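Participant: Take this sequence and fold it.
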Amino acid sequence: MRWSSILRVGGSTALPVIVLLATVPALAALGEDAASIQADQAHLRASVRILPGQYYSVHEMQTPAGTTIRQFVTPAGAVFAVQWQGSAPDLRQILGRYFDEFVAASESQPARRGRGLHLETGDLVFESGGHMRYVVGRAYLRSKMPAGVTSDDVR
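Facilitator: All right, here's what the predicted structure looks like:
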């Protein structure tokens, strides 16, 4: 596995190392059932609020360290998108079974100096950027997005 291409986001190795060496563990994984969100809340000692919407709900966690993690959940209970800001989350946990797809796509993309990471693998869309102590990102599955929802809604 060539991690070197992942480690060259924005010309710096610090951001991806933080992303890969997670500071925020155990979240409901992308494409999976949202049943584990309550366990995530307890594990992270995070406050959670649920923001209901017409086509989906957002389960927003705020950790004591100030990181915000939003999990976008369909009415059927599937996590179709995740958004974060603050400390970098554990991408292996957040992306779940899509993590290997993310790694493969990262390795095939040339490094872009001064820019965040944007990947599209067909179904999976991943975007992340920031600096050592503050990262903003999102990942979503096009095939799991409810009707009437666009990528702009996942922010």
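Participant: Can you pull the phi/psi pair for K144?
Facilitator: When read as degrees, to the nearest 10, the backbone of K144 gives phi -100, psi -10.
Participant: Wait, it touches G31, no?
Facilitator: Yes: using C-beta atoms under 8 Å, K144 is in contact with G31, at 6.2 Å. Placement of C-beta: from N, CA and C, glycine included.
Participant: Look at E107 and say how many residues are nearby.
Facilitator: Neighbours of E107 under the rule other C-beta atoms under 10 Å: 13.
Participant: so it, which of the three states?
Facilitator: Assigned by DSSP: H, G, I helix; E, B strand; the rest coil, the conformation of E107 is helix.
Participant: try G96
Facilitator: Put simply, G96 is helix when judged by three-state DSSP.
Participant: ok, now the one 3 residues further on?
Facilitator: Taking three-state DSSP as the rule, one finds F99 in the helix state.
Participant: That one contacts R92, doesn't it?
Facilitator: Yes: at 4.9 Å, F99 counts as touching R92 under the criterion of C-beta under 8 Å.
Participant: quick revisit: need the residues touching each of K144 and G31.
Facilitator: By C-beta atoms under 8 Å, 6 or more residues apart in numbering, K144 and G31 have these common neighbours: 78, 80.
Participant: And these two? Which one has more around it.
Facilitator: Per other C-beta under 10 Å, whichever of K144 and G31 has more neighbours is G31, with 21 against 17.
Participant: What strand or helix carries the more buried one?
Facilitator: Under DSSP states H and E, no helix or strand contains G31.
Participant: Adjust the sequence numbering to begin at 33 for everything that follows.
Facilitator: Let's use 33 as the start, then, which means that last one is G63.
Participant: What ranges in the protein fall below the confidence cut-off?
Facilitator: Low-confidence segments of the chain, defined by pLDDT under 70, are located at 33-60, 68-76, 143-146.
Participant: where do the strands sit along it?
Facilitator: Assigned by DSSP state E, the strands in the chain fall at 79-84, 89-94, 100-105, 111-118, 149-152, 156-163, 166-173.
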